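Engineer: Quick one, what's the 3D model for this:
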Amino acid sequence: MRVRRFEWEGAMPTARAVRRWNEASIEHVDVLPIEQEVREGGDAAVLALTARFDATERAPDSLRVDPREPEEALTALDPSMREALEVAAENIRVVAQAQVDSARQVVELPQGQTVSIGEVPVGAAGIYAPGGRAAYPSSVLMCAIPARVAGVERIALASPPGPGGRVHPLILAAAALCGVDEVYAMGGAQAIFALAYGTQTVAPVNVIAGPGNAWVQEAKRITYGFVGIDSYAGPSELMIVAGPETDPDWAALDICAQAEHGDTGQLLVASLDDAVLEAVETAVTRIAGERPGVGNAPLATVRVPDLDAAVELANFFAPEHLELLDEAAATLAERVRTAGCVFVGDYGATAFGDYVAGSNHVLPTSGAGRFVGPLGPGVFRRKISVVEVSADAAAKLAPHVDALARAEGFPVHGESAMIRSES
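Structural biologist: Predicted coordinates for the structure are as follows:
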């Protein structure tokens, strides 16, 4: 792991310096040729691209997975694995349900009209679960359960096929557990374009959510506006605020766990004490060297002048995950405004949130926590307004409509309102 100590230059300059250093190794990709192939070639193009880019020796026989396969995979699961998935699913479902308020807000205005604001689910959601040579059933749970709780009628899951040309059984089992309606053996940018625009086999969706590599995220960015997306996600991130009592091995394991995602993760440790930073740096170097799955991710460390500065740095850095491993963690958490998910206290390892705590692991990265939050049912629901204007309200409002409309050069708008005030 690459470790670099940064000098404190103030919260904003330090956060920017760390991000510039980390982002230097992030891959930039061009998915436009893939988009063109999918839009022009449909199923045949997606199958060919899947065979070319995904971890398979041959293309699947068809994009759509036989609906019987997910249930068969769930039945065949090892009991301990099924129990883990069920615990995670129930916790995610409970937290998601708590976020859904079906009550319609009704506002009565002084002129007599009413405006009510409600929410309705989108008609169809596309879920992307990374796969191929590895499987991430947790991503299926994190995306599909909030979509189902939101009331989405149709949920379509895309995941890359493995070497045998089939979707991994763990992905299929998780899909069955979540009640996913359709599963497609396709991955990468081509899967996103197929979900967004549709093919001969894949009906288009309204919203696409889920993690993925740079190709997946760039495809999501391009399709945004044609469909909704959860967010534009970059490499995994973790910031730790370490106190004098922080166990350096615990902190180092949390850092190395995030580095399992690859070499481009954004990792940052802040502390008031140089000795704490040195202990964590030493532990990270040792633990990473003993675990071959840990990537060569960049770890930035910085000594902050006080805890106020640590919180300020966190708010400017806006990390995907923020661990507060200080005795004042609960107080500090109240002042955090931009992190995707905050883990409070020594026992709050990010790994719990990644799998079973009930929070969602699809979180804003690359500073996007300044304007977007975790994936939840709201991603799959949209606001809708209903306006009721009585005759008395029309009479009072029409002259104002007429004045404004004529000022803007739309006199027929004014006529449309005024005719109702004269009845």
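Engineer: pLDDT on the lengthiest helix in the chain, on average?
Structural biologist: Longest helix in the chain, counting residues (DSSP state H): helix 32-53. In this model, helix 32-53 has a mean pLDDT of 93.
Engineer: Report the contact partners of I92.
Structural biologist: L141, M142, I145, P146, G358, N360 (C-beta atoms under 8 Å, 6 or more residues apart in numbering). Backbone N, C-alpha and C define where each C-beta goes, glycine included.
Engineer: Am I right that the fourth one falls within a strand?
Structural biologist: This means P146. No: according to DSSP: H, G, I helix; E, B strand; the rest coil, P146 belongs to no strand; its state is helix.
Engineer: From what I see, it and V379 are in contact.
Structural biologist: Yes: between P146 and V379 there is a contact under C-beta atoms under 8 Å: 7.0 Å.
Engineer: the more surrounded of those two?
Structural biologist: Neighbours were counted for P146 and for V379 using other C-beta atoms under 10 Å; P146 has more, 32 against 26.
Engineer: so who does that one touch?
Structural biologist: I92, A96, N360, L375, G376, P377, V379, F380.
Engineer: Quick one, which of the contacts of I92 are buried?
Structural biologist: When those are checked for burial by 16 or more other C-beta atoms under 10 Å, the buried set is L141, M142, I145, P146, G358, N360.
Engineer: if you skip the residues just before and after it, what's nearest to the fifth one?
Structural biologist: What sits nearest to G358 in space, not counting adjacent residues and going by C-beta to C-beta, 6 or more residues apart in numbering, is N91, at 3.4 Å.
Engineer: count of neighbours near the one you found?
Structural biologist: Neighbours of N91 under the rule other C-beta under 10 Å: 17.
Engineer: Past the helix or strand encompassing it, which element shows up next along the chain?
Structural biologist: In this assignment (DSSP states H and E), N91 forms part of helix 79-98. Downstream of helix 79-98, the next assigned helix or strand under DSSP H and E is strand 105-108.
Engineer: one step back: nearest to P319, of the contacts of I92?
Structural biologist: Of all these, P319 sits closest to N360, with 15.5 Å by C-beta to C-beta.
Engineer: ok, now how distant is the closest one from L85?
Structural biologist: 16 Å (C-beta to C-beta, to the nearest Å).
Engineer: try L109
Structural biologist: Taken as C-beta to C-beta, the span from L109 to L85 is 49 Å.
Engineer: Between these two, tell me which one has more neighbours.
Structural biologist: Set L109 next to L85 and count neighbours by other C-beta under 10 Å: L85 wins out with 24 against 13.
Engineer: ok, that one touching L141?
Structural biologist: Yes: with contact defined as C-beta under 8 Å, L85 counts as touching L141 (7.0 Å).
Engineer: What about the contacts of P146, which are in strands?
Structural biologist: Mapping the contacts of P146 onto strands (DSSP state E) picks out no residues; all lie outside.
Engineer: before we move on, back to that, pipe the contacts of I92 into TSV and attach pLDDT and distance to V65 per row.
Structural biologist: Listed next are these as TSV, based on pLDDT from 0 to 100; distance: C-beta to C-beta, whole Å:
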residue	pLDDT	distance to V65
L141	97	18
M142	96	20
I145	97	19
P146	97	22
G358	95	28
N360	95	25
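Engineer: got the buried residues for stretch 252-264?
Structural biologist: For stretch 252-264, by 16+ other C-beta under 10 Å, it's A252, L253, D254, I255, C256, A257, Q258, A259, H261, G262, T264.
Engineer: May I have the longest helix of the chain exported as CSV, CA atoms only?
Structural biologist: Output of helix 32-53 as CSV, limited to C-alpha atoms (Å, rounded to 0.1, in the frame of the first residue of the first chain):
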residue,chain,number,x,y,z
LEU,A,32,-19.6,5.8,-26.5
PRO,A,33,-18.7,3.1,-29.0
ILE,A,34,-20.4,0.5,-26.8
GLU,A,35,-23.5,2.6,-26.5
GLN,A,36,-23.7,2.8,-30.3
GLU,A,37,-23.3,-0.9,-30.7
VAL,A,38,-26.0,-1.7,-28.2
ARG,A,39,-28.5,0.8,-29.6
GLU,A,40,-27.9,-0.4,-33.2
GLY,A,41,-27.4,-4.1,-32.6
GLY,A,42,-29.7,-5.0,-29.6
ASP,A,43,-29.4,-8.5,-28.3
ALA,A,44,-26.7,-9.6,-30.7
ALA,A,45,-24.5,-6.7,-29.8
VAL,A,46,-24.9,-7.2,-26.0
LEU,A,47,-24.1,-10.9,-26.4
ALA,A,48,-21.0,-10.2,-28.4
LEU,A,49,-19.8,-7.6,-26.0
THR,A,50,-20.5,-9.8,-23.1
ALA,A,51,-18.4,-12.5,-24.6
ARG,A,52,-15.6,-10.0,-25.3
PHE,A,53,-15.4,-8.2,-22.0
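Engineer: returning to that earlier point: just name the closest of the buried ones among the contacts of I92 to V304, please.
Structural biologist: Among those, N360 lies closest to V304 (C-beta to C-beta), at 28.8 Å.
Engineer: Just flag the most distant two among the contacts of I92.
Structural biologist: Taking C-beta to C-beta as the measure, the contacts of I92 have their most distant pair in P146 and G358, spaced 11.4 Å apart.
Engineer: What distance do you get for the residue lying closest to V183 once chain neighbours are set aside to R104?
Structural biologist: Nearest non-adjacent residue to V183, counting by C-beta to C-beta, 6+ apart: V65, 4.0 Å away. Distance, V65 to R104, by C-beta to C-beta: 38 Å.
Engineer: neighbour-wise, which of the two wins?
Structural biologist: Between V65 and R104, V65 has the larger neighbour count (other C-beta under 10 Å), namely 24 against 11.
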